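In: quick one: sequence and predicted model below, then my questions.
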Amino acid sequence: MKIGFIGTGIMGKSMAGHLMAAGHTLHIYNRTRSKAEDLLARGAQWFESPTALAKASEVIITIIGYPKDVEAMYLGESGILQHAPKGCITIDMTTSSPELAKQIANRGLERGIACLDAPVSGGDIGARDAKLSIMVGGDSSAYQTVLPLFELMGKNIALLGPTGAGQHAKLCNQIVIASSIMGVCEGLMYAKTAGLDPLAVLNVIGSGAAGSVQLNVQGPRMIKGDFAPGFMLEHFVKDIGLAITEADRMGLKLPGLTQAKKLYDILMQQGHGRTGYHALFELYVRKEVL
């Protein structure tokens, strides 16, 4: 297929690379060309605008920053849906708003373009190893058409319902992570304060009922003070903000998520948005938790 790929950041670069390695023609657009240089050196084709990329592609995949970026990319006058050919399939893999996903799909339907929302979980390592979880919402026929592409990027792939279902599922994922990461921080701080070796404790409890990706992967990074981003804190804050908005709309109270948002807002105010989301541990170390 001729695949247009927009967003070659921490995760997108690896995801696009898997598609190209499988023999697909890869069309690339990114706001910062330097982030696509590795892919271009391997044979990807650079396009100067989303408009030009859209016109030349059969499938268009986006994984970009914020809902406002997604809205502009799809619904703007120079955006994808204004210029993609009839019969094209678009796949937004950004974590974004379920309501925006519906707007995009409705606009696409008017133009004969199927639009899927398919956010992912697994961070930089999952993207690198093609083991992402991919949560999809939208038309089942379009999903079956592009399923082979999803299988090049992930291992746990599911069509979860109509448009917006993928975004809702990803917000479920972020809700669970938000409270889980607080639990890891609190467990490790308890171990340190009790005079135990936190890494030794982690090695024991990580194989028991407390074991999780957050404990077993992010826990050692927290102990070492390694807060390099596999998934940036500012994007996680965006995601949990979306989840709170959706929960409020549904009349649902999520006290764990609300508390996590308060703590992450402190880190954002301190300028830590570009670190990994597991940098929450720093607030506990500095005893700045509310």
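Out: That came through fine. Numbers count the residues shown, from 1 in each chain.

In: where exactly do the helices run in the stretch 151-290 of the chain?
Out: 165-193, 198-205, 213, 219-224, 233-249, 255-269, 281-285 (DSSP state H, counting those that start in this stretch).

In: any chance of those helices in CSV, plus distance to Ala101?
Out: No exception for glycine: its C-beta is placed from N, CA and C like everyone else's. Converted to CSV, the helices of the stretch 151-290 of the chain look like this (distance: least, Cβ to Cβ, whole Å):
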stretch, distance to Ala101
helix 165-193, 5
helix 198-205, 38
helix 213, 26
helix 219-224, 32
helix 233-249, 11
helix 255-269, 21
helix 281-285, 33
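
In: so which of the ones you listed comes closest to Leu26?
Out: helix 165-193 (22.7 Å; Cβ to Cβ).

In: what average pLDDT does the closest one get?
Out: Helix 165-193 shows an average pLDDT of 97 in the prediction.

In: buried sites along it?
Out: For helix 165-193, burial by neighbour count (16 or more other Cβ atoms under 10 Å) applies to 165-171, 173-175, 177-178, 180-182, 184-185, 187-189, 191.

In: now the angle from it to helix 233-249?
Out: Angle between the axes of helix 165-193 and helix 233-249 is 120 degrees (criterion: axes from the mean of the first three to the mean of the last three Cα atoms, to 10 degrees).

In: on that earlier part again, what's the closest of the helices of the stretch 151-290 of the chain to Lys35?
Out: helix 233-249 (15.4 Å).

In: average model confidence for stretch 228-238?
Out: Averaging pLDDT residue by residue across stretch 228-238 gives 93.

In: buried ones in it?
Out: Here stretch 228-238 shows Pro229, Gly230, Phe231, Met232, Leu233, Glu234, His235, Phe236, Val237, Lys238 as buried, counting by 16+ other Cβ under 10 Å.

In: closest one to Ser14 out of these, please.
Out: Out of the buried residues of stretch 228-238, the member with the shortest distance to Ser14 (by Cβ to Cβ) is Gly230, at 11.5 Å.

In: centroid-wise, who is the farthest residue in the protein?
Out: Gly195 (37.0 Å; Cα atoms, centre = their mean).

In: not counting its neighbours along the chain, what's nearest Met268?
Out: Leaving aside its sequence neighbours, Met268 sits nearest to Val237 (Cβ to Cβ, 6 or more residues apart in numbering; 5.8 Å).

In: I'd guessed that neighbour sits against His272; true?
Out: No - judged on Cβ atoms under 8 Å, Val237 makes no contact with His272 at a distance of 10.1 Å.

In: and the helices of the stretch 151-290 of the chain: which comes nearest Ser49?
Out: Counting by Cβ to Cβ, Ser49 lies closest to helix 233-249 out of the helices of the stretch 151-290 of the chain; the figure is 24.4 Å.

In: what about Gly276, neighbour count?
Out: Around Gly276 there are 22 other residues, counting by other Cβ atoms under 10 Å.

In: residues contacting it?
Out: By Cβ atoms under 8 Å, 6 or more residues apart in numbering, the residues touching Gly276 are Gln218, Arg221, Phe227, Ala228, Pro229, Gly230, Phe231, Met232, Leu233.

In: what's the closest non-adjacent residue to Lys238?
Out: Per Cβ to Cβ, 6+ apart, closest to Lys238 is Tyr66, 5.9 Å.

In: what's the neighbour count on the one you found?
Out: Neighbours of Tyr66 (other Cβ under 10 Å): 16.

In: next, the buried residues of stretch 191-209.
Out: For stretch 191-209, by 16+ other Cβ under 10 Å, it's Ala191, Pro198, Val201, Leu202, Ile205.

In: just stretch 36-45 next, same as before
Out: Counting neighbours by 16+ other Cβ under 10 Å, stretch 36-45 gives Ala36, Glu37, Leu39, Ala44 as buried.
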